[in-house]
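> Sharing a sequence plus its predicted fold:
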Amino acid sequence: MNYRFKNLLGAPYRGGNAILSNNTQLLTPVGNRVSVVDLVKSETVTLPCENTKNVTRIAVSPNGTLLLSVDEEGRCLLINLHRRVVLHWISFKNAVRAIKFSPDGTLFAVAIGKLVQVWQTPGFKKEFLPFQLVRTLKGCHDLVTCLDWSPDGQWILAGSKDLTARLFSLNPIDGYRPILLLGHRHPLVGVFFKVAKNRRDVEGAYTISKDGAIFNWNFYPATDEKQWKTASFNHSQIAVNRREANSNDLDKKRKWEDEDEEVDAAVMINPNETAKTLNPGNETLNSTEARKGSVNDITGKKKKKKTHNDEPQIDSTGYQSHLGSETEGNEKQTVGIEELDVSMSKDGRQEPAQALHKGQWELLKKDFFKQSTNLTACDYHLELDLIVVGFASGIFGIYQMPDFTCIHLLSISRVKITTAVFNGLGNWLAFGCAKLGQLLVWEWRSETYILKQQGHYFDVNCLDYSPDSQLLATGADDNKVKVWTVSSGFCFVTFAEHTNAVTAVHFLPGNHALLSASLDGTVRAWDLFRYRNFRTFTTPSPKQFVSLAADQSGEVICAGTLDSFEIFVWSMKTGRLLDVLSGHQGPVHGLTFSPTNAILASSSWDKTVRLWDVFESKGVVESFSHTHDVLTVSYRPDGKQLACSTLDGQIYFWDPIDGQLMWTIEGRRDIAGGRLMGDRRTAANSSSGKCFTSLSYSADGSYILAAGRSKYICMYDVAEQAVDVALSQGRHLRALILALRLNEASWIRKCVVSVHPKDVATTAAGVPPKYMRRLIEAFAEYLEGSPHLEFLLQWCQELCKVHGHTIQQHCKDYLPALRSLQKSLTRLHQDLSDTCSSNEYLLRYLCTPSFPN
């Protein structure tokens, strides 16, 4: 049997960043996996690829083919989204706070600590070193939190916790040092390039900080040297005039000094050049004036005195940062750089398509979102010039830039929004709240929800499949019952009427109703058509229910209690309490009805399993004692076997008809999972205390699933033991049928050989037609190397006599098996013929009767 992971329900979002790929596909991290939601088909699929730790950052290539998923420890997987397979993996050896593909998808940038690394995107071929490091960009003094690519893919804007945004060049430029965009008072949350409407050239940037401030920066390309010198003179003269005009006024002087401190953080300084600046009289300013209000003269020779704001900040290429100045009132903050002739660097490398290093950066406007909580998520849509921001209070806003016009300001949650993202068209917005496991997709123009999903807030205690396996119900400690569609993976209804933890759920026949038991002392029946609570079952005194069962007709409801050790029986039609079953001396944690009759089985912590005849009111029919507390009980689908698990990790199998113990399984070591030779013995890897709390049979009763206080789920083949038991009891037909169910050639061969030749005809007549093809194939395989030739031919003859009519009616289905059998018989006949022909005289001699002397 081939078991593959299919889907993950109940957790649409658990942290990290969400991505809307191809406009209609939503990708979200869920634990150590990534879920893909098709918003058009309303389907969700969890990728089978998994990281070793929880995924914190994901990125999708522009064409939607490749996915990068990075976990908490920096291990990155490159996944083919269409094939859903892992192509390559790499470890960045540190936590990744931002990752993004370049516009053409050939590169991707990763924010690791204080560095920004640029890697080449691997291809689909197998390579020894698929990931190749292209550049490492240095210069940030604290962790890099966000980054963005320019449209031409030649520039990277990175925001850091050091309150700055730096403009890095992908290709080295001689003498260039990253430009710094300063002025924020809190760490940056998002940085984005903005482009011109009629072309794809960068015309500025937006920087957003944690305190809710958004700075609008504009970029003006440089035309000639005269323009630079004029700008340099203007800012220098303003600084001088400002200080002279307020030298005698102490209050105003303090005001100017405060503003000068801001200028000090924004002035453009090049420590490799002089502090000499130009003025109308070609006078040279002193070092203090040069530091606070001037830009550097590209022709100066005199060195400027260093201050605490003039420390060189060098990246891996030796580039130096350049700061601008901020004037009072409505005057703009500018960040410039000396004009360099870098059309071709010294090593022959070409400069970027758009020379962002040749120009002037100006702070046009400062805006504030004016929320009482921190800004936690943001995104920018380039074509529509829209900004979406999310806050720790659960409020989000959409703003039209550059006018900073608020389009929407709404609250969608009580906790912080951890991710907010636009789709490619800009009409849908995706929001995620990691604490609540909440995932929303909102169409902001029509103000309607495209998707609204939320998992359980606390641990899930119970689940149950509907009779047709199309629905799945879950109950959790958050007092809620959720019903999920298995095919789509979506929760379509949530019931929240319980006031305490939900401990058991059970579907009634027909998929029309669902039962749930809770510690609040009620058992509720939910209508799955009208989505309402249409019946509530209670007791005369408050009880805490921990188990639940219903008979095959759905007319009798039973619930076991935690505190009074009783089983309550109600009528589904009237809601009246019919009976109270007493006898257990511990909490009743397991209840199940027999599939074939009205016998109720209950398991309790008093180390017993009891069988009750509910309809005849006969009380306890049978009681099975154990050496430890019994945690759960389950009937086999045919009702002829009862399985229960105990606190010592064993599974007991009982015959409910004869009341005899059939066999046991020691599962403590299986559920513990083992440990390595060098591991220390801890509570996590120790087998003591490990036990199964849930059991479930397969549809044919051949396997049983067992799960409990461990991360492992064990599956046992109980049919093999049944085969041995049947053979030991002389029930050859039953043993053969069980072996055919297992589809194991060795067991089929063992059962066939164990049949006495006199009983072959009777056994062959009892073989079901659905197993005939497999049995014929087994004979064809066994004839080639078996010494029991006559015995097997007798089997084939009896099968053809009894099932000849069925074989003739379904000849197309049996034809491959019959041809294999014919081939084996023909080969054996040929071998025997050759042997007899070559030993004809020897055979005659052996067959000659011997006469006494």
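Yep, it's here.
> Quick one: mean pLDDT for the helix or strand Val723 falls within?
Val723 belongs to helix 718-728 when assigned by DSSP states H and E. Regarding helix 718-728, the rounded mean pLDDT is 79.
> Show me what it packs onto, helices and strands only.
strand 660-666, strand 703-708, helix 732-742, helix 745-754 (3 or more CB pairs under 8 Å, 6 or more residues apart in numbering; DSSP states H and E). (Glycine included, C-beta is placed from N, CA and C.)
> What ranges in the stretch 551-700 of the chain fall below the confidence cut-off?
617-619, 673-689 (pLDDT under 70).
> Please repeat the previous calculation with a cut-off of 80.
Along the stretch 551-700 of the chain, the model assigns pLDDT under 80 to residues 616-621, 669, 672-690.
> Likewise for the stretch 301-450 of the chain?
301-354.
> hmm, 90 instead?
For the stretch 301-450 of the chain, applying pLDDT under 90 flags the ranges 301-360, 413-414, 435-437.
> Okay, strands next: where are they in it?
333-336, 359-368, 375-381, 386-391, 395-400, 405-411, 419-422, 428-433, 438-443, 448-454 (DSSP state E, counting those that start in this stretch).
> TSV for those strands, including distance to Val630 and mean neighbour count?
Below are the strands of the stretch 301-450 of the chain laid out as TSV (distance: least, CB to CB, whole Å; neighbours: other CB atoms under 10 Å):
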stretch	distance to Val630	mean neighbour count
strand 333-336	74	24
strand 359-368	64	17
strand 375-381	49	23
strand 386-391	50	24
strand 395-400	51	20
strand 405-411	49	12
strand 419-422	46	24
strand 428-433	41	24
strand 438-443	39	22
strand 448-454	36	16
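> Tell me which of the helices and strands packed on helix 718-728 sits nearest to Lys370.
Closest approach to Lys370 among those is made by strand 703-708 (51.1 Å; CB to CB).
> how far does stretch 367-374 stretch from start to finish?
15 Å (CA to CA, to the nearest Å).
> for it, which positions count as buried?
Residues of stretch 367-374 classed as buried: 367, 369, 371, 374 (neighbour count, 16 or more other CB atoms under 10 Å).
> Asn10 - how many residues pack around it?
Just to correct that, residue 10 is Gly rather than Asn. Residues near Gly10, counting by other CB atoms under 10 Å, number 19.
> what's the answer for Pro29, then?
Pro29, neighbours per other CB under 10 Å, totals 27.
> In PDB, list the C-alpha atoms belonging to the helix or strand harbouring it.
Secondary-structure element containing Pro29, defined by DSSP H and E: strand 25-30. Extracted in PDB, the C-alpha atoms of strand 25-30 (Å, rounded to 0.1, in the frame of the first residue of the first chain):
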ATOM      1  CA  GLN A  25      -3.600  31.400  -6.300                       C
ATOM      2  CA  LEU A  26      -3.000  32.100  -2.700                       C
ATOM      3  CA  LEU A  27       0.200  30.600  -1.100                       C
ATOM      4  CA  THR A  28       0.500  30.600   2.700                       C
ATOM      5  CA  PRO A  29       2.900  28.900   5.100                       C
ATOM      6  CA  VAL A  30       1.200  26.300   7.400                       C
END
